[in-house]
Every structure is written in structure tokens, then in C-alpha cells.
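Student: quick one: sequence and predicted model below, then my questions.
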Amino acid sequence: MVKHTATSVVTIERFIIEEERNHPEATGELSGILYDLGLAAKMIANKVRSAGLADILGATENENVQGEVQQRLDVLSNDIIVKAMDHGGRLCAMASEEEPGIIQIPDQFRCGKYCLMFDPLDGSSNIDVNVPVGTIFSVVRKITRGRHGELEDMLQPGRRQVAAGYVIYGSSTMMVYTTGQGVHGFTLDPSIGEFLLSHPNIRIPENGRYLSVNDSYEQLWSDGVRTVMRKYKGLDGDHKALSTRYVGSLVADFHRNLLGGGIFAYPANQKNPRGKLRLLYEANPLAFIVEQAGGAACDGTQRVLDVQPTELHQRTPLYIGSKNEVELAQRVLSQPAELVGA
Ligand code: AHM
Ligand code: MG
């Protein structure tokens, strides 16, 4: 692998090409997908940046001149990704958190050997208050024989992903991805419109510093989950107390914990017995990334990447981040209920 330091200027395009050279059998299709996603990310970043101006611009430009109604940003982001990805000849189908069924490649375009799954704008309810939001994506290889991708292609366990990543639209825009050769982060330089390598080979600390969980569901958690959280807070046993940080925007919470060490948890609760987050669009891609960075992800009973999906929009409980913290959750939650003191 070519060694880059954060001080040499390496564009995402150059990095992707150099990574591809490590695989003589590569056709360049996966590289093309990543590059196109980078382009879609720049277009979404542009919209997110001016989100606060939507009403003002909407009143003057869109409604009056073109007669258009302002589209919700998550719908807009979905359309940007679909349009950026449907004609490259590399994908055979897509699935999005925003759409109920599989998104097929239009007949006039060639179908390729990969499927893309994505959450176009995660945490979009935060947009109105200027909190970071993100895009999450996952790529798997097609396993069915027909021209178009099918449900069976999408419902593969996360360990079969060939690439996964996210984009965080924060104080700067960053794209972080893995193809199974470590995790690399690129920061958008707005002056030249390029993603530049800023975080080569990200490693997550083995122990956490931060705990990211929505505590307001405590009354709805099982005794086991309450015990895990008490341990993280240093209230039960000898675990060092973690510092609580919860943005409520998965990509932002995950990104902070990936760089600084920590655990993000969205446990099952009485109202949502399978949690809230989606296995295919959120948990699987972030689990692939965290494992590649030396961390772990489980659903409270097993490794996320081993879960066999049964539905496109399947939800899953999620414990993801520093290895030792995820192992603690897994250990406590796999004990029989009567052994877990609340
Ligand atoms: P979304 O995909 O509808 O945006 O929902 C996912 C978001 C995550 O970004 C975040 O971690 C979670 O929902 C927050 O949920 P809650 O408000 O229940 O804590
Ligand atoms: Mg989401």
C-alpha cells in the first residue's frame, strides 16, 4: 500500500487509483462508484450549506420565478445520489432509506455488478438548528444472475460489503471510507472543490472516552441495557466513567467516537423492540468502518456484520465504537436476565 502522510496533498481520486493498483484484478468499477459518490457528496454539501437560506431564496427565486415548491433536503439528497449513480454502468440497483423499494437502473443505461445502499441525509431533523448531518453508504457485489439487481442482492450479511463510507457535513465536509484496506478520511477543500486526504489510516482507541446514547429512553430499556449504561457511567463496577456526548445525528456521534474513542448505543426499547436504526443503510456500513479501524459493533446478541438481513428497511439495536466498550455491552446483554441486576 502506498504510504501517505497528512502533509502531502493527495486528492481522493489519486488515493482511489493508487488503492486500486494494489488489486491487479480490479476493473476500476468500484473506484468509479467511490469517485461518483464523492461528487454527489459535494453537491449535497452545497445544498446543506445554504439550508438556512432556503426560505429566503425559496421566496425570491424558486416560488416566484420557477413556481417550484422547495424540496425537503433529505429528498433532494436522495435524488442527487440516484442521478449521480444511475448511469455509470457500475451499479445494478440501489436502495435508499428514503424509498420503499429497490431503485432500478433505467433501461437506457448499462447494469454493472454492484449494489449501492444509502441513507442520503441522516439526522436531517437537525438541519433546522444547524447541527451536522451526514450521508452513509454501503456497496455489495451482485449475487443473482439477471441483468438487474434483486432483493436477494441487497439482503447479504454486512461482512460481504466491499466498500462503505460516510460523509459528514459539519464545520468542514469530510468523506470517510473503507474498501477493506483500512479507513481513510478526506476533507473537502472548498477553495478548489476537492476532497484531500487528511486522516490516513484511522484507528479507533480500544477504550472509550465518550458515551453517546439517548438517556431519555431509560424507562423503556431492559434491566440489561440499564446495567450496561450504569457501567459506562462508572456507577456499577470499576469501569472508568465515560463522558456523555449525544448530538442525535448518528454520523456526527460516530465520527467523534471514531477519532476520539467511545461508544454509540441505540438499544432496543419497549416502544422500538428492534431499536430505531436501519441495518442496511446505517449499522452495516458503520460496522464495516469501525471494524476496519480496530473497533467493534454488535446488536446486543451478535456481531452486526454477521446478521442475516430479512427486509430492506430492517431495524437493529446498535452498540458501536471502541472494542472494549462494545465487548462490555455484548458480555452483559448475553447474560440470562435473572443474572443482570438493574
Ligand atoms: P433518521 O435516519 O430519520 O435521520 O434517524 C436517524 C437518527 C440518527 O442520526 C440518530 O442517531 C437517531 O436518529 C436519533 O434518534 P433519537 O432522537 O431517538 O435519539
Ligand atoms: Mg438515517
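Tutor: Here it is on my side, so go on. Ligands and ions are numbered 1, 2, ... in the order given.

Student: which neighbouring elements make contact with the one helix or strand residue 320 maps to?
Tutor: Using DSSP states H and E, the element containing residue 320 is strand 318-321. Applying 3 or more Cβ pairs under 8 Å, 6 or more residues apart in numbering; DSSP states H and E, one finds that strand 318-321 makes contact with helix 250-260, strand 262-266, helix 284-292, strand 296-298, helix 323-333. For every residue, glycine as well, the C-beta is placed using N, CA and C.

Student: please report the distance of the residue of the stretch 1-150 of the chain found nearest ligand 2 from ligand 1.
Tutor: Nearest to ligand 2, among the residues of the stretch 1-150 of the chain, is residue 122, at 3.7 Å (Cβ to the ion). Residue 122 sits 5 Å away from ligand 1 when distances are taken as Cβ to the nearest ligand atom, to the nearest Å.

Student: that residue: what's it in contact with?
Tutor: By Cβ atoms under 8 Å, 6 or more residues apart in numbering, the contact list for residue 122 reads 97, 133-136, 249-251, 282.

Student: likewise residue 95?
Tutor: Contacts of residue 95 by Cβ under 8 Å, 6+ apart are 101-103, 115-118, 154, 280-281, 312.

Student: all strands of this structure, in order?
Tutor: 91-96, 103-104, 114-122, 133-141, 161-169, 173-178, 183-189, 194-199, 210-212, 243-244, 262-266, 296-298, 318-321 (DSSP state E).

Student: how many residues are close by the residue of the stretch 151-300 of the chain found nearest ligand 2?
Tutor: Using Cβ to the ion, the single residue of the stretch 151-300 of the chain nearest to ligand 2 is residue 282, 5.5 Å away. Here the number of neighbours of residue 282 (other Cβ atoms under 10 Å) works out to 28.

Student: residues in contact with residue 308?
Tutor: For residue 308, the contact set (Cβ under 8 Å, 6+ apart) comprises 155, 157.

Student: what's the spacing between it and ligand 2?
Tutor: 21 Å (Cβ to the ion, to the nearest Å).

Student: how confident was the prediction at that residue?
Tutor: pLDDT, residue 308: 98.

Student: for residue 234, see how far away it is.
Tutor: 36 Å (Cβ to Cβ, to the nearest Å).

Student: residue 13 contacts residue 32, correct?
Tutor: No. Residue 13 is beyond contact range of residue 32, at 10.6 Å (criterion: Cβ atoms under 8 Å).

Student: so the two - more neighbours on which side?
Tutor: Neighbour totals were compared for residue 13 and residue 32, and residue 32 leads with 19 against 14 (other Cβ under 10 Å).

Student: show me what contacts the spatially closest residue to the more buried one that is not a sequence neighbour?
Tutor: Distances taken as Cβ to Cβ, 6 or more residues apart in numbering place residue 90 nearest to residue 32, at 5.2 Å, with adjacent residues excluded. The neighbours of residue 90, taking Cβ under 8 Å, 6+ apart as the test, are 29-30, 32-33, 36, 112-114.

Student: could those residues go into a markdown table alongside distance to ligand 1 and pLDDT?
Tutor: Formatted as a markdown table, those follow (distance: Cβ to the nearest ligand atom, whole Å; pLDDT from 0 to 100):
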| residue | distance to ligand 1 | pLDDT |
| --- | --- | --- |
| 29 | 28 | 90 |
| 30 | 26 | 91 |
| 32 | 27 | 93 |
| 33 | 22 | 95 |
| 36 | 22 | 95 |
| 112 | 27 | 95 |
| 113 | 28 | 95 |
| 114 | 23 | 97 |
